[in-house]
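Participant: Need coordinates for the below:
(2 chains)
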Amino acid sequence: MAILNIEPNIAQPDDFYEALIDMHRDLDAEQSRMANAHLILLLANHVGDEAVLREAMQRARALVPTSSDASRSPA
Amino acid sequence: MANVDRDYQGLAFDYGRSPDQDAGVAVRHPVVVVGAGPVGLTAAIDLARRGVPVVVLDDDHKLSVGSRAICFAKRTLEIWDRLGCGDPMVEKGVSWNVGRVFFQDERVYSFDLLPDSGHRRPAFINLQQYYCEGYLHERTAALPAVDLRWRNRVTGVTPDAEGVTLEIDTPDGPYSLRADHVIACDGSRSAVRSLMGLESKGRVFRDRFLIADVRMKADFPAERWFWFDPPFHPNQSVLLHRQPDNVWRIDFQLGWDADPDLERQPERVRPRIRALLGEDADFEFEWISVYTFACLRMERFRHGRVIFAGDSAHGVSPFGARGANSGVQDADNLAWKLALVLAGKAPERLLDTYGTEREYAADENILNSTRATDFITPKSEESRLFRDAVLRLAKEHPFARRLVNSGRLSTPATLHGSALNTPDADAFGGAMVPGAPMTDAPGTMHGRPAWLLSCTGDVFTAILFAGDRGFDAATIAAIRALGTDGIPVKVLIVTPAGAAVPGADGIDCFADDDAVLARRLDASPGTCYLLRPDQHVCARWRTFDADRVRAAVARATCND
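Facilitator: Numbers count the residues shown, from 1 in each chain, chains lettered A, B, ... in the order given. As a prediction, this is how the structure comes out:
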């Protein structure tokens, strides 16, 4: 049951992507982490719907490769 | 009226030999309260006012040493108002409603905990614990049913089916007592709890905090000021609170690696305070303490005839002022139930609902306290990153202010889902759902300004809204009959400004002059709210029906 919209929703994806990378221009790694944190909070408030946010968090976390993933045998 | 300025901290109470010590047998008492702190004294006062004789045992002979708990919440003051000792607390205490948050060298935002008027009491007062205990102690002195025994240390607790045997040590040697019920209000290191082999379990936080209470002339406003990562105490938090007598509470986060013995040395504390106040600041130390904390609770608060209340039953971090305040609410919840059970008007299982309701409230307090602690003391780099991001956003972005957590300050639990509530059958808006502690409102009674909460409590009270025409004779007769039930229900008729209720002589009428109460209760003519003796809503209807009121009283007392 997907509540989170994972279909294309950004009209000009290349423009958005360029802007996202641009946001980090001239920032060191620590500053970039800060900017990302601000961005996440701003967007989360804009979305507002807690179920959508929780699903996005789950998907974001599930995609992180972990050592246990690597050793898990196929089901 | 008490002399609110006595040196309560210096008072020492005499040990007095009780006739029970010469009786040769263990004398039986209906209720023994262990611990004469804010919770034990509140419980004793509440029970004594209901005609229940109470023995209070305390292992010491002094009031609180040091300021300790200082923030007493609106709901706690309302409970003490009901018990007749709210006035000296508020007269002496520093009333405040506003909290202000700083991040690094900037003011981030402020919040008002009581934005609307029309409440008798402020969101909080700050008051040293020894004053609070002093005023409660003076209240007990006016109640002959309270038998307070200083320097009586409990050394043995043996419950059985009929009661509890207590072994007690005194300066004159040991003696025994029998109690129908024991209320253990003997604090976080409860002797009763350990004598019974019971535990309070939970999460210990790896952080240390320094409390410095200093006496000084300063012109900070009566607000709660909280700094995250200020220049004068980098990477840690600082909390400033004003107390009476020009005493200021300054609470410095130190981190887990701090050495508590070293950090409580005045020569070590002085430069920390000068960094906050300036190099030429002039102050004296009142009390210095280094503490750690844990969020924990007993699995069950009722163990047969031994009932735990306050810190013995549950513990939280101090951010949020949920310790003493929740303990006083424990006492408020327990006293009327225990009095009904002792009078044979309710079955003993009513006492189980003390456990379920207050365990629920403790869980709410622990959840709030744990979340605040995780914000104040981030446990990982990412947690710290988001904490700082929230604080940086908060200044210009209103949404982020809701995420800042410098302690979610004590509000009483709404007892959602309690078995004592009668679920709504009619539609209502607003916050006064079954289980909620009743809100206050201003009005007029007997021609004089009055507060709603002062007109309710102690007994079941039905708040009944009249229209401009009052009620017919049959309704008035039904209202009068409720007052003569085995568990009486007092009816408080609420009238619109200037309206009279014909034939209601002898029934209390509260004029809702500005319709504040009708608005807060989403009430229309005929609406009836039933309050328990502790002023929590237990049922409400759009129309009055005495039989439904009786059924709701039966449900709220386990007599259904």
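Participant: Which residue ranges of chain B form helices?
Facilitator: B:38-49, B:74-82, B:86-92, B:129-141, B:191-195, B:260-263, B:266-277, B:324-342, B:349-376, B:381-394, B:398-401, B:473-482, B:516-520, B:546-556 (DSSP state H).
Participant: what ranges of chain A fall below the confidence cut-off?
Facilitator: Residue ranges of chain A with pLDDT under 70: A:1-2, A:68-75.
Participant: Find the closest residue to chain B in it.
Facilitator: A:Ala37 (3.7 Å; Cβ to the nearest Cβ). C-beta coordinates here come from the backbone N, C-alpha and C atoms, glycine included.
Participant: what residue is smack in the middle of chain A?
Facilitator: Most central in chain A under Cα atoms, centre = their mean is A:Ala60, positioned 6.0 Å from the mean C-alpha point.
Participant: pretty sure A:Asn9 belongs to a helix, no?
Facilitator: No: A:Asn9: not assigned to a helix; according to DSSP: H, G, I helix; E, B strand; the rest coil it is coil.
Participant: Now do it: how many residues are near it, please.
Facilitator: Using other Cβ atoms under 10 Å in any protein chain shown, the number of residues around A:Asn9 comes to 7.
Participant: Next: the one 5 residues further on.
Facilitator: Burial of A:Asp14, expressed as a neighbour count using other Cβ under 10 Å, amounts to 8.
Participant: same deal with B:Asp257?
Facilitator: By other Cβ under 10 Å, the residues close to B:Asp257 number 8.
Participant: coming back round to it: so the residue nearest to the residue of chain A closest to chain B when sequence neighbours are not counted versus B:Arg151, what's the distance?
Facilitator: The shortest distance from A:Ala37 to any non-neighbouring residue, by Cβ to Cβ, 6 or more residues apart in numbering or on different chains, is to B:Ala389 (3.7 Å). Distance of B:Ala389 to B:Arg151, computed by Cβ to Cβ, to the nearest Å: 54 Å.
Participant: coming back round to it: the residue nearest to A:Ala37 touches A:Ala35, doesn't it?
Facilitator: No: between B:Ala389 and A:Ala35 there is no contact under Cβ atoms under 8 Å: 9.0 Å.
Participant: Comparing the two, which shows the higher neighbour count?
Facilitator: Neighbour count, other Cβ under 10 Å: between B:Ala389 and A:Ala35, B:Ala389 has more, with 22 against 14.
Participant: Please, which helix or strand holds the residue nearest to the centre of chain A?
Facilitator: helix A:50-62 (DSSP states H and E).
Participant: Keeping just the C-alphas, turn the biggest helix by length in chain A into PDB.
Facilitator: Taking DSSP H as the criterion, chain A has its longest helix at helix A:29-47. Below are the C-alpha coordinates for helix A:29-47, written out as PDB (Å, rounded to 0.1, in the frame of the first residue of the first chain):
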ATOM      1  CA  ALA A  29      31.200  17.700   4.100                       C
ATOM      2  CA  GLU A  30      30.000  19.000   7.500                       C
ATOM      3  CA  GLN A  31      28.300  22.000   6.000                       C
ATOM      4  CA  SER A  32      26.600  19.800   3.400                       C
ATOM      5  CA  ARG A  33      25.200  17.500   6.100                       C
ATOM      6  CA  MET A  34      23.800  20.600   7.800                       C
ATOM      7  CA  ALA A  35      22.200  21.800   4.600                       C
ATOM      8  CA  ASN A  36      20.700  18.400   4.000                       C
ATOM      9  CA  ALA A  37      19.300  18.300   7.500                       C
ATOM     10  CA  HIS A  38      17.700  21.700   6.900                       C
ATOM     11  CA  LEU A  39      16.300  20.500   3.600                       C
ATOM     12  CA  ILE A  40      14.800  17.300   5.100                       C
ATOM     13  CA  LEU A  41      13.100  19.300   7.900                       C
ATOM     14  CA  LEU A  42      11.700  21.900   5.500                       C
ATOM     15  CA  LEU A  43      10.300  19.300   3.100                       C
ATOM     16  CA  ALA A  44       9.000  17.100   5.800                       C
ATOM     17  CA  ASN A  45       6.900  20.000   7.200                       C
ATOM     18  CA  HIS A  46       5.700  20.800   3.700                       C
ATOM     19  CA  VAL A  47       4.500  17.200   3.200                       C
END
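Participant: Can you name every helix or strand that it contacts?
Facilitator: Applying 3 or more Cβ pairs under 8 Å, 6 or more residues apart in numbering or on different chains; DSSP states H and E, we find helix A:29-47 packed against helix A:50-62, helix B:381-394, helix B:398-401.
Participant: I'd guessed B:Asp352 sits against B:Arg302; true?
Facilitator: Yes: assessed by Cβ under 8 Å, B:Asp352 is found in contact with B:Arg302 at 6.1 Å.
Participant: out of these two, which sits in the more crowded spot?
Facilitator: Set side by side, B:Asp352 and B:Arg302 show more neighbours around B:Arg302, with 22 against 16, by other Cβ under 10 Å.
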